[in-house]
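In: got a sequence here, can you build the structure:
(3 chains)
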Amino acid sequence: MSNQSSILKKNIFIIIVILSVFLFGFVKFNPLKNQTNFNKSAKDSISTETQDCIDCHINVTPGIVKDWESSRHSHVIVKDALLKSALQKRVSAENVPDGLQDHIVGCYECHSRNIEKHKDSFEHFGYKINVIVTPNDCAVCHPVEVLQYEKSKKANAYNNLMGNPVYHLLVNTINGLKKIKNDKIISENPGDVTLNESCLGCHGTVVQVVGNDTVHSSLGDVVVPKLSNWPNQGVGRINPDSSKGSCTACHTRHGFSIEVARKPYTCSQCHLEPDVPAWEIYRESKHGNIFFSKSNEWNMNDVPWVVGKDFQAPTCAACHNSLLTSPDGTVIAERNHDFGARLWVRIFGLIYSHPQPKSGNTTIILNQDNLPLPTTFNDKLADKYLIDFKEKTRRMDIMESICKSCHSTNWTENHFAHLDSVVIQTDEMIKSATQLVGEAWEKGVEDKTNPFDEEIEKMWIEQWLFYANTMRYSAAMTGAPDYQAFKHGWWDMSKNLDQMKNTIKLKTMLKNYNNK
Amino acid sequence: MSNQSSILKKNIFIIIVILSVFLFGFVKFNPLKNQTNFNKSAKDSISTETQDCIDCHINVTPGIVKDWESSRHSHVIVKDALLKSALQKRVSAENVPDGLQDHIVGCYECHSRNIEKHKDSFEHFGYKINVIVTPNDCAVCHPVEVLQYEKSKKANAYNNLMGNPVYHLLVNTINGLKKIKNDKIISENPGDVTLNESCLGCHGTVVQVVGNDTVHSSLGDVVVPKLSNWPNQGVGRINPDSSKGSCTACHTRHGFSIEVARKPYTCSQCHLEPDVPAWEIYRESKHGNIFFSKSNEWNMNDVPWVVGKDFQAPTCAACHNSLLTSPDGTVIAERNHDFGARLWVRIFGLIYSHPQPKSGNTTIILNQDNLPLPTTFNDKLADKYLIDFKEKTRRMDIMESICKSCHSTNWTENHFAHLDSVVIQTDEMIKSATQLVGEAWEKGVEDKTNPFDEEIEKMWIEQWLFYANTMRYSAAMTGAPDYQAFKHGWWDMSKNLDQMKNTIKLKTMLKNYNNK
Amino acid sequence: MSNQSSILKKNIFIIIVILSVFLFGFVKFNPLKNQTNFNKSAKDSISTETQDCIDCHINVTPGIVKDWESSRHSHVIVKDALLKSALQKRVSAENVPDGLQDHIVGCYECHSRNIEKHKDSFEHFGYKINVIVTPNDCAVCHPVEVLQYEKSKKANAYNNLMGNPVYHLLVNTINGLKKIKNDKIISENPGDVTLNESCLGCHGTVVQVVGNDTVHSSLGDVVVPKLSNWPNQGVGRINPDSSKGSCTACHTRHGFSIEVARKPYTCSQCHLEPDVPAWEIYRESKHGNIFFSKSNEWNMNDVPWVVGKDFQAPTCAACHNSLLTSPDGTVIAERNHDFGARLWVRIFGLIYSHPQPKSGNTTIILNQDNLPLPTTFNDKLADKYLIDFKEKTRRMDIMESICKSCHSTNWTENHFAHLDSVVIQTDEMIKSATQLVGEAWEKGVEDKTNPFDEEIEKMWIEQWLFYANTMRYSAAMTGAPDYQAFKHGWWDMSKNLDQMKNTIKLKTMLKNYNNK
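Out: Have a look, this model is predicted:
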């Protein structure tokens, strides 16, 4: 009997060993492992307040509750997150307020932060909460990222556009409703909604509390703050607690998935053709080809993100802000949420390329013509507001070290030499266009007062804002050569000059003919 | 011995228990479970006729046979499909003809329906079958969907275009072959193939039997009906049995996969820029970002489709026609194959926006100028053919209830208020363009007789057909703000007015100059 | 005891059987099976030389080492690859040099080939290696593919562009830096970098060794060849060993994955709108819809590639070059790396469509006007350089046999009849544009000397290079009908003629007015 029992035990032992191997294998290879796998101890660690939220909202707004359930926030107790090694840590705070440590991060943990600063706070079934969770609230656990972000041009994207009189004029000129009066096209100033839906959709709006709304629900009437300039997830949004930015621009609610932020689809929400064709060019580049073909086999979630092991071609995030290491743990690039921090030359959005501005707030820049622009219309740099050669070299070194994870030094240096050349050529092509628009002004066929509102002026804008940007992006991403040839590249730049010249001639004839 | 035998039994029992757990786990987590898993009883339930088809066609056209093998049609016996609960049912028929009940749905089950109505029926190795399976045939099992579809603008897409003299003129003007004769551009009327390949590729052709073809095969000569205006999968195709529509426009042959129909790639076949940029705008929207980043982890197959549990961001189908429930089984929106049934405002394809037409057949509309258009050229509504305020509200409520699965009431209402504003602004911008084209006609530089065939007229068309549509789509989908700024948005609308005005001036000078 | 032992054995036997079934199931259904699963015997078969490379480069360039580790090259010993059956063989060599047989294919196996022919060879830590692995090196194992490729227009893409004086003029006209001098737009000749970044990015550069570079590394200074016109992966690259082409254009380093080459993202690197919109049209076609919706369930790796079983809709590779069989092993189409080998009509890049050229080197063609073009400006064919009717039919038969794997004969023949019609119509629309540009030359408003550099001439170029190509591609791929309507289709073709005509009138008036 004891023998038999021992046999049974042995067999069970064998079975257990085999099963362990299997289970290990299954867990290891289970492609769904990143999905909702509600961790029991995590589930027990929901705060009472968050549980109260969920009890109603699982029926009222099931989509966001389920999205959150699939998130890391719903799976990890804060104190465990704090214990990770420096490289693996996703939470940059050294410590967090007492109430937070023992819980997972749920509705209440985020929506109840800094109530006193939030004009959008309100009483909701016995709890005081805020409608909008802002960078200042996220900073409780992620202070380093928020501090970095605050320095970026992105955080200042609202004011850099609307607080700069030159750009503000461009915005109003484009978005103003046009009516025909007395045989002329008259432009009105665009209203708030118009701006929210166009420029400020990406740049961010000023969200304000403008009263209360009563919502009729199955639980009776619910009074909530009424927000204006909302919904909006622009990168430079001004929030009701006066903070700047919207983490959800990239870390989409309520999954807040690092995977989503690392994939290029996130960046494509704003960085697309014709003015900022980063997305289209990445998509057609060699790197994009590899991403779209193979990324289903990659690990888009791990921290740190290991070059070669986790992924074999960079996405936008890899080059521009993620923490990257080599397989042996050597840091290739530190994480940085100031998205310009690895960049030396600014290749889009302005008339000419120029060294990156020192400050994320670009409204402080004054060029030699006393305009708040980094160059004059004739391409003279506003030097003192722009980074110097040493800083340019420092940043280029960071970027090159990323390239060199896969490419040789010769390859990398030639690549950036090509970019330099394309930047110079495009600036020259813009200078030719600027000469032509100057000719139009001089001949009196268009009027310089507003440099953005007439036909030849608009051709000039397209030269720098569409075509030059496109060519430089294509050079920067070493791919999609058609974007330097026929797709808003040399073809369009050259043709545009011809059309500017011919339009000047026709308008001059028209002016003379009518004056006779 | 008996002891030992009992030990063996126990062990086997343990092994079986463990294996069951494993098998359960594997089936549950197997990401491939939706793929070809030929159900044994289903395989036994192939009809003799279908087996006969397969025996040849597995060699003759292996692609479609294998595609069908991966389908739900090949896995489910009809009578089992009929037993599903109301919410889970994919077959809307209460009952089906006797011969169908006990079989899976194979070649013969579909291609042998309603032979008497089919001009494309023919004898094929002893069987009488039809070349084209039409909505009327699908209605044997899916009558509710077919009835809904028949009411839609989609089902009427052929006649709404070709049977409306205004649109027919537009179609002929665009697609006509142009020759230069006596110093003028002369347009011929487009032939059938030209129309099939362009407009009717989406709208649908009139497929007709025009004789027989003899196909030389390894089994000897096979005589088959010769079809004209074929191949075509347009949504409003007129079939050889006189039915309207093509289910395969969205439910691609021969997998007929609900997953494919729910993914945005299906809609992208026709709804793309520059005239109907739904696909491009969805792709760059927040919802699109989430779909492309995460949908590999979603369940795109289940019926009903559960918000939050099955998917975390909507595709086109989720908002426009799928049966949606919350995780507790509450119905959020009923399935509807009249794709306009949840829409209140029509934002594309016509000169101005307007309330949705009451009838899917829009050729019955007559405006105040006696044109078959929902508005006059000056934006007066043909009221009595369009839905009223009450119906608009009812439809908006359905759509809002879908939004509110994830978004707050304030968020949702502001979103649609923004859409309203953009609709008004774009209509105003079209009115300005209409004033300008009117000026061109008045000054005699272009001729009103055909309002679609000259330079300024074409600029006017682009104002409403390209740019206004783009801006409204972007507002409707709360994303991709560049489509309201630089990508066929305000930029193009404003620039277009400038160019229209300047072209009028130049053409006027040309007219005067040549008259001197 | 022996009994018990026997029970134990039996149980273990049972467990092993069960586990085998499981393991089989897991391996069979494991969706990750194509990923890094380092084969032990393969790992043991790394050559000493390659191991030496890896020991440093795993730290220096971890990305490419890990990419290679995921490749088939790193998993298969060459002699095993040689043993595969004819249909399954991926290595077309009958035999390979002795040193290669017993190893997997690593760094040294490729980078040490044909040193004597390589101007880019250098001493590197005791090994003589080449920077660039060329088609001539790949031919050691893949000779048939390289021989086929050498005959293609792709392999000749550099010279077909730069060695043809007509095209060379077009290239220089587009890419030349334009300056405004004495009231005129003056064009300089483009430099090497400009050409590398635009046209030659796809066509290929002439890569040359121009000296040495010293790279500072953690292991001391490393001297490497300095290459000009590099980096480049153009299909017609001229390599430092004088060979033509770059296998990595499609078989991306260092995974060299057949999966990547078979997916449409690879082709999209060069074949995109506005001039070669194959990618965009495929994406919006029915085939593209199915690919993007379902390909995550397909087998993109197997050789041969079995229609229906492995995939249910074609990618670019399926129709244009892959070895395809039916499920019963019948060959549907042979593999061919001359990408034009299955094509009969050339539908893009030239003024008019025409039969495919006999030779991949198209610079040998001379038309009746003694220009190196396949047609005259008035569409007369340079017959003797183009394939004849018999060869056209032979190629069309191959393509049709691929279509017929899924489609009926009637469907397939109608499809290609539609393509024929669209080809004729687009050629006619180009003839009308050619008549207009002729009128501009005749009237002296533009100058024929360079037929590519003025406004009306550029409109003419867009007629054939952008719009006609787009329409023909859409017809060829039976989908995306909007590309024949509004998206660079009839709309643009028709509007373009109007604008050409009006521009002639305005320029004529300008000429007369200024001459007064």
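In: ranges for the helices of the stretch 401-516 of chain A?
Out: For the stretch 401-516 of chain A, the helices defined by DSSP state H, counting those that start in this stretch occupy A:409-442, A:455-461, A:469-476, A:490-515.
In: and the second one, what does it pack against?
Out: Going back to what we said before, that points to helix A:455-461. Helix A:455-461 sits against helix A:409-442, helix A:490-515, helix B:490-515, with contacts defined as 3 or more Cβ pairs under 8 Å, 6 or more residues apart in numbering or on different chains; DSSP states H and E. Just so you know, the C-beta spots here come from the backbone N, C-alpha and C atoms, and that holds for glycine as well.
In: buried ones in the second one?
Out: In this case it means helix A:490-515. A:490-510 (16 or more other Cβ atoms under 10 Å in any protein chain shown).
In: count of neighbours near residue A:460?
Out: Neighbour count of residue A:460, defined by other Cβ atoms under 10 Å in any protein chain shown: 27.
In: please name the nearest non-neighbouring residue to residue A:399.
Out: Nearest non-adjacent residue to residue A:399, counting by Cβ to Cβ, 6 or more residues apart in numbering or on different chains: residue A:342, 5.2 Å away.
In: name the element the one you found belongs to?
Out: In the assignment (DSSP states H and E), residue A:342 maps to no helix and no strand.
In: and the gap between it and residue A:462?
Out: Note on residue A:342: its distance to residue A:462, by Cβ to Cβ, to the nearest Å, is 29 Å.
In: picking that back up, distance to residue A:299 for the helices of the stretch 401-516 of chain A - can I get that in CSV?
Out: What follows is the helices of the stretch 401-516 of chain A, written out as CSV (distance: least, Cβ to Cβ, whole Å):
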stretch, distance to residue A:299
helix A:409-442, 25
helix A:455-461, 43
helix A:469-476, 26
helix A:490-515, 40
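In: quick one: low-confidence parts of chain A?
Out: Residue ranges of chain A with pLDDT under 70: A:1-41.
In: at 90 what do you get?
Out: Applying pLDDT under 90 to chain A flags the ranges A:1-44, A:98, A:216-220, A:478-480, A:514-516.
In: for it, which residue gets nearest to chain C?
Out: Chain C sits closest to residue A:481 of chain A, with a gap of 2.5 Å, by Cβ to the nearest Cβ.
In: how about the nearest residue to that residue, chain neighbours excluded?
Out: The spatially closest residue to residue A:481, leaving aside those adjacent along the chain, is residue C:201, at 2.5 Å (Cβ to Cβ, 6+ apart).
In: what's the spacing between that neighbour and residue C:160?
Out: Residue C:201 sits 15 Å away from residue C:160, going by Cβ to Cβ.
In: and these two? Which one has more around it.
Out: Taking other Cβ under 10 Å, residue C:201 and residue C:160 do not tie; residue C:201 has more neighbours (27 against 22).
In: ok, residue A:298 to residue A:260 distance?
Out: Note on residue A:298: its distance to residue A:260, by Cβ to Cβ, is 14 Å.
In: picking up where we left off before, so the residue nearest to residue A:481 is in which element?
Out: helix C:199-203.
In: tell me what that helix is packed against?
Out: Here helix C:199-203 touches helix C:157-162, going by 3+ Cβ pairs under 8 Å, 6+ apart.
In: hmm, the helix it packs on in reach of chain A?
Out: No. Figure legend: helix C:157-162 not in contact with chain A (Cβ under 8 Å from any Cβ of the partner chain); closest approach 11.1 Å.
In: now do that helix: distance to the chain's middle.
Out: In terms of Cα atoms, centre = their mean, to the nearest Å, the centre of helix C:157-162 is found 15 Å from the chain centre.
In: in stretch A:136-155, what counts as buried?
Out: Neighbour-count burial for stretch A:136-155 flags A:136-143, A:145-146, A:148-155 (criterion: 16+ other Cβ under 10 Å).
In: neighbours around the residue in the stretch 51-200 of chain A that chain B sits nearest to, how many?
Out: As assessed by Cβ to the nearest Cβ, chain B sits closest to residue A:66 within the stretch 51-200 of chain A, at 2.9 Å. Residue A:66 has 24 neighbours, counted by other Cβ under 10 Å.
In: which SS state does it fall under?
Out: helix (DSSP: H, G, I helix; E, B strand; the rest coil).
In: quick one: contacts for it?
Out: Applying Cβ atoms under 8 Å, 6 or more residues apart in numbering or on different chains, we find residue A:66 in contact with B:307-309, B:312, B:327.
In: repeat that for residue A:257.
Out: A:71-72, A:251, A:301, B:293-294.
In: among the residues you listed, which are in helices?
Out: B:293-294 (DSSP state H).
In: out of the contacts of residue A:257, which two sit at the greatest distance?
Out: Within the contacts of residue A:257, two members stand farthest from each other by Cβ to Cβ: A:72 and B:293, at 14.8 Å.
In: those two - which one has more neighbours?
Out: For residue A:72 versus residue B:293, neighbours defined as other Cβ under 10 Å are more numerous around residue B:293 (22 against 17).
In: isn't that one up against residue A:255?
Out: No. The pair residue B:293 / residue A:255 is not scored as a contact, 9.4 Å apart, by Cβ atoms under 8 Å.
In: may I have the residues that are in contact with the nearest residue to residue A:171 once chain neighbours are set aside?
Out: Excluding its sequence neighbours, the residue lying closest to residue A:171 (Cβ to Cβ, 6+ apart) is residue A:199, at 5.4 Å. By Cβ under 8 Å, 6+ apart, the contact set of residue A:199 is A:161, A:171, A:175, B:481, B:485.
In: what of residue A:56?
Out: Counting by Cβ under 8 Å, 6+ apart, residue A:56 touches A:125, A:219.
In: how near is it to residue B:144?
Out: Distance of residue A:56 to residue B:144, given as Cβ to Cβ: 34 Å.
In: now swap in residue A:371 and tell me
Out: Using Cβ to Cβ, residue A:371 is found at 65 Å from residue B:144.
In: report how many residues lie close to residue A:473.
Out: 27.
In: is any residue of stretch A:404-412 near chain C?
Out: Yes. Contact of stretch A:404-412 with chain C (Cβ under 8 Å from any Cβ) involves A:404-411.
In: mind putting those residues into TSV with neighbour count?
Out: Formatted as TSV, the residues of stretch A:404-412 next to chain C follow (neighbours: other Cβ atoms under 10 Å in any protein chain shown):
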residue	neighbour count
A:404	19
A:405	22
A:406	23
A:407	20
A:408	21
A:409	18
A:410	18
A:411	16
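In: and these, which two are furthest apart?
Out: Maximum pairwise distance among the residues of stretch A:404-412 next to chain C (Cβ to Cβ): 15.3 Å, between A:405 and A:410.
In: what sits against the closest residue to residue A:299 other than its chain neighbours?
Out: Spatial nearest neighbour of residue A:299, excluding adjacent residues (Cβ to Cβ, 6+ apart): residue A:310 at 4.2 Å. Going by Cβ under 8 Å, 6+ apart, residue A:310 touches A:298-300, A:302.
In: can you map out the strands along chain A?
Out: A:121-124, A:127-130, A:178-181, A:184-187, A:208-217, A:220-228, A:305-306, A:324-325, A:331-333, A:345-346, A:354-355 (DSSP state E).
In: tell me which of these lies nearest to residue A:42.
Out: Nearest of the strands of chain A (Cβ to Cβ): strand A:127-130, 21.9 Å.
In: list the contacts of the closest one.
Out: A:49, A:52-53, A:108, A:111-115, A:118, A:120-122, A:137, A:240-241.
In: of the residues you listed, closest to residue B:216?
Out: Nearest to residue B:216 among those: residue A:53, at 70.5 Å, using Cβ to Cβ.
In: and that closest one, what does it touch?
Out: A:106-108, A:111, A:127.
In: can you map out the helices along the stretch 201-350 of chain A?
Out: Taking DSSP H, counting those that start in this stretch as the test, the helices found in the stretch 201-350 of chain A are A:258-262, A:264-268, A:278-284, A:286-294, A:316-320.
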